[in-house]
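1. Requesting a structural model of the entry that follows:
(one chain, ligands or ions: 2)
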Amino acid sequence: MPGRRYQGGFSLIEVLIAIILIGIAIASLVAANSSFTKTNAAGTNLSTAEFLLEQIRELTVLLPVVDPLTEYDTFGPEADEPTLADYDDLDDFDGAVFSPPISADRATLNNFAAFTQQVTVENVSKTNFEQVVADRSSYFVRVTVKVLFNSEEIISAGWVRAWYAEQ
Ligand SMILES: [Ca+2]
Ligand SMILES: [Ca+2]
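-> Ligands and ions are numbered 1, 2, ... in the order given. Sure thing, here's the model as predicted:
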């Protein structure tokens, strides 16, 4: 049919638009994939941080709240307890920083050297566990553990223990 435009193919401009659209689609796929990779890495760090937090909980959960020998004497490690291996009560861990982190059996975890465990032990009010009170002024002790990855805090958790003593 003379004079009628051929309808079956694509014009150059249509081809160019299609190429541009495909390019945009590929670029957004690449961007989505890289953000997924970042999210996944953050998830791995969170799982590791939770694991490392749990190590401190397991390590301290069965320790007495106050030193079995000196009881009220020292908030923190007693004078004859210079190293982690000597810690035998909860407040011995106050201010402890483990980098590389440690396991529940006090072994150094060199495979997780980019992580740090920070432990804080504080006395809290018997009526309000959010309120920190002077050392040894209550029978309740709060343990707070923070896990850092390359100095950035990933996770933090706290729990309260009570010292059951004759009062
Ligand atoms: Ca002790
Ligand atoms: Ca102590």
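2. Tell me who's in contact with the residue lying closest to residue 131 once chain neighbours are set aside.
-> Closest residue to residue 131 apart from its sequence neighbours, by C-beta to C-beta, 6 or more residues apart in numbering: residue 125 at 4.1 Å. C-beta: built from backbone N, CA, C; applies to glycine. The contact partners of residue 125, taken as C-beta atoms under 8 Å, 6 or more residues apart in numbering, are 131-133, 138, 140.
3. Of those residues, just the buried ones, PyMOL syntax please.
-> Selection of buried members from these for PyMOL, criterion 16 or more other C-beta atoms under 10 Å:
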select buried, resi 138+140
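4. average pLDDT across stretch 23-32?
-> The average pLDDT for stretch 23-32 rounds to 87.
5. cool, stretch 143-160 as well?
-> Averaging pLDDT along stretch 143-160 gives 95.
6. Correct me if wrong, but residue 148 is in a strand.
-> Yes - the assignment for residue 148 is a strand, going by DSSP: H, G, I helix; E, B strand; the rest coil.
7. which neighbours does whichever helix or strand residue 144 is part of have in its sheet, and in what orientation?
-> Using DSSP states H and E, the element containing residue 144 is strand 140-149. Using DSSP bridges, the strands paired with strand 140-149 are strand 115-124 (antiparallel), strand 152-162 (antiparallel).
8. Give me the contacts around the longest one.
-> Looking back up the chat, that one is strand 152-162. Under C-beta under 8 Å, 6+ apart, the answer for strand 152-162 is 45-46, 49-50, 53, 57, 65, 90, 115, 124, 129, 139-148.
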